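Participant: Take this sequence and fold it.
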Amino acid sequence: MADQPLILWFRRDFRLSDHPMLAAAVASGRPLLPVFVLDAQAEALGAAAKWRLGLGVARFAQTLAAMGQRLILRRGDALAVLQGLIAETGAAGVMWQRMYDPQAVARDTGVKAALKAKGLVAESFPGALLIEPWEVATGQGGYYKVYSPFWKAVSARGFSPPVPAVTAMRAPDIWPASEDLADWQMGAAMRRGAVVCLPHQRVGEAAALARLDEFIDSSVVRYKAARDFPGVIGATSGLSENLAWGEIGPRTIWAAGQRALHQGDAGAEQFCKELVWREFAYHLMHHSPHILTQSWREGWEDFPWRSDNRQAEAWRRGMTGEPFVDAAMREMYVSGRMHNRARMVVASYLTKHLLTDWRLGQAWFAECLTDWDEAANAMGWQWVAGSGPDAAPYFRVFNPAGQAEKFDSDGAYRRRWIAEISAKPGPEAQSYFAAVPRRWNLAVTQTYPDPIFSLADGRARALEAYAARGRAAGQTEKDGRE
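Facilitator: Below is the predicted model of the structure:
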């Protein structure tokens, strides 16, 4: 029986270290069959995320091959594929690292029940988070709805060190057939943008660990002071890309941050807080999954958000005439990522100056981000829109011009990404026009547009709408701006 293989079902956990499931599988002594299934949930990913997933799968397959292993690729319904592989190989069952979005939970629950009903191994493991969402609770036994007390509760717990990297895996005597990744055309929806976006990706566990080391060695000390300035190169870790696809484990990052903190690096605590901010998003998604699709706060579903509109289309294209907003949108389209300060500004501009539904912005980020994370994306949009978990006034309005003056005073960020405002635009700014759909009819030689909407008028309209909502809810709050 010990020669029956175990199927290791990889999804968003393409690494060998800090991986409890993989460590447990190796410790079993059984032959191991690593598998990736392109199921309906993976098929439904946005263009950039699906493409980046394909890059991660390819790199992980190379990593396993260097160990004398293989990554078996199959396409179809996850349960049907896994049952088929069990029948082909005589496997004892399946192990996997947990996912937490409602669709994945429903899928994985069904897989576990079906396999266990046949007496097969069906084990799920932690590893994607520092702490499971149900393992931290308020003093009253409920879930946290504000970040600050959540941070205090989580950071006070302490965590065991990351699980050491697996260095060898027992291979099966016979390998099942595998599909060809190229046949799946994971990047088809990226079209010509894939060539532009590729140099901005750092794919795989080795790249992620190197990125972490670089950041801790050179930048974490200034992280708190510099993280809000998008024009400062290297001020942030860039690890969101690798965390999104499980190419690095959160306990690896936490341990590095804690070592830096104990060495006296000034920005290390803030760095750890940002990692726990991600945990907070998963905590909220687990306890209130409606955050993904509906206003998180009660009483917000009737807010008069605008549906899609011409101004929102200008926002998507980075052609609003507000340079800080447009620079951020173009950064995302070219690189697959966006600086966090810029994310707040572009989200505020869409939801407040343009009074457009946050779900439209959420969907566009899901289409364009290579570091897309469903929980973090939803929480971030609702946090800015005012309908989410934010202790600050819900009617805070980020002024793009004021934010640019404060956080990009020399204009470096705007010039880096907007070709039309620079006498000698750099390759990154010009590459935007090589990446966008041809039907947009954008050219590097065009004139930069005038603002599509007055910031003062947009802010006044937003505050009136928020005030009306507040009056309807019996609330009286002061004006808020940032």
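Participant: what sits against the nearest residue to residue 61 once chain neighbours are set aside?
Facilitator: Once flanking residues are discounted, residue 61 sits nearest to residue 71: 4.1 Å by C-beta to C-beta, 6 or more residues apart in numbering. For glycine as for every other residue, the C-beta is placed from the backbone atoms N, C-alpha and C. Neighbouring residues of residue 71 by C-beta atoms under 8 Å, 6 or more residues apart in numbering: 10, 34, 35, 36, 57, 60, 61, 64, 65, 178.
Participant: Pull out the buried members of those.
Facilitator: 10, 34, 35, 36, 57, 60, 61, 64 (16 or more other C-beta atoms under 10 Å).
Participant: So which of those sit within strands?
Facilitator: 10, 34, 35, 36 (DSSP state E).
Participant: what about the residue nearest to residue 61, distance to residue 243?
Facilitator: Going from residue 71 to residue 243 by C-beta to C-beta, to the nearest Å gives 20 Å.
Participant: And for residue 83?
Facilitator: For residue 83, the distance to residue 243 (C-beta to C-beta) stands at 31 Å.
Participant: Could you do residue 50 as well?
Facilitator: Taking C-beta to C-beta, one finds residue 50 at 18 Å from residue 243.
Participant: any idea how this structure splits into domains?
Facilitator: Structural domains assigned to the chain are 6-127, 190-287, 310-472, following automatic domain parsing.
Participant: Tell me how many other residues surround residue 472.
Facilitator: By other C-beta atoms under 10 Å, 11 other residues sit near residue 472.
Participant: residues touching residue 236, list them.
Facilitator: Per C-beta under 8 Å, 6+ apart, neighbours of residue 236: 215, 219, 223, 227, 339, 340.
Participant: again with residue 78
Facilitator: The contact partners of residue 78, by C-beta under 8 Å, 6+ apart, come to 9, 37, 39, 107, 111.
Participant: just those now: which is nearest residue 386?
Facilitator: Of all those, residue 107 has the smallest distance to residue 386: 32.5 Å, by C-beta to C-beta.
Participant: so who does that closest one touch?
Facilitator: Residue 107 neighbours (C-beta under 8 Å, 6+ apart): 39, 41, 78, 79.
Participant: Compare those and tell me which is most surrounded.
Facilitator: Counting by other C-beta under 10 Å, top hit in the contacts of residue 107: residue 78 with 24 neighbours.
Participant: quick one: that residue and residue 41, what's the gap?
Facilitator: For residue 78, the distance to residue 41 - C-beta to C-beta - is 8 Å.
Participant: With residue 270 instead?
Facilitator: 34 Å.
Participant: what number of residues lie near the nearest residue to residue 32 once chain neighbours are set aside?
Facilitator: Excluding the flanking residues, the one nearest residue 32 by C-beta to C-beta, 6+ apart is residue 169, at 5.0 Å. Per other C-beta under 10 Å, the neighbour tally for residue 169 reads 18.
Participant: Now do the phi/psi pair for residue 169.
Facilitator: When read as degrees, to the nearest 10, the backbone of residue 169 gives phi -140, psi 140.
Participant: was I right about it contacting residue 67?
Facilitator: Yes - applying C-beta atoms under 8 Å as the test, residue 169 and residue 67 come out as touching, 5.9 Å apart.
Participant: And for stretch 189-197, what's in contact with it?
Facilitator: 46-48, 50-51, 187, 333-336, 370, 431-432, 434-437.
Participant: I'd like to know which elements the helix or strand harbouring residue 42 is packed against.
Facilitator: Under the criterion of DSSP states H and E, residue 42 resides in helix 40-43. Counting by 3 or more C-beta pairs under 8 Å, 6 or more residues apart in numbering; DSSP states H and E, the packing neighbours recorded for helix 40-43 are helix 47-65, helix 102-117.
Participant: And that helix, what's buried?
Facilitator: Judged by neighbour count using 16+ other C-beta under 10 Å, the buried positions of helix 40-43 are 41, 42.
Participant: Tell me how far it lies from the chain's centre.
Facilitator: On the basis of C-alpha atoms, centre = their mean, to the nearest Å, helix 40-43 sits 16 Å off its chain's mean C-alpha point.
Participant: do stretch 320-333 as well
Facilitator: With C-alpha atoms, centre = their mean as the basis, the mean position of stretch 320-333 lies at 19 Å from the chain mean.
Participant: residues of that stretch that come out buried?
Facilitator: Quick answer for stretch 320-333 (16+ other C-beta under 10 Å): 320, 322-333.
Participant: Name the residues of stretch 261-276 that come out as buried.
Facilitator: Buried residues in stretch 261-276 (16+ other C-beta under 10 Å): 261, 265, 267, 268, 269, 271, 272, 273, 274, 275, 276.
Participant: Check stretch 51-71 too.
Facilitator: 51-61, 63-64, 69-71.
Participant: Please apply the same query to stretch 127-138.
Facilitator: Residues of stretch 127-138 classed as buried under the neighbour-count rule (16+ other C-beta under 10 Å) are 127, 128, 129, 130, 131, 133, 136.
Participant: In helices, which of the residues you listed fall?
Facilitator: Applying DSSP state H to the buried residues of stretch 127-138, no entry is found in helices.
Participant: And the furthest pair within these?
Facilitator: Across these (C-beta to C-beta), the longest gap, 16.8 Å, separates 127 and 136.
Participant: ok so, going back, between residue 83 and residue 243, which has more neighbouring residues?
Facilitator: residue 243 (22 against 17).
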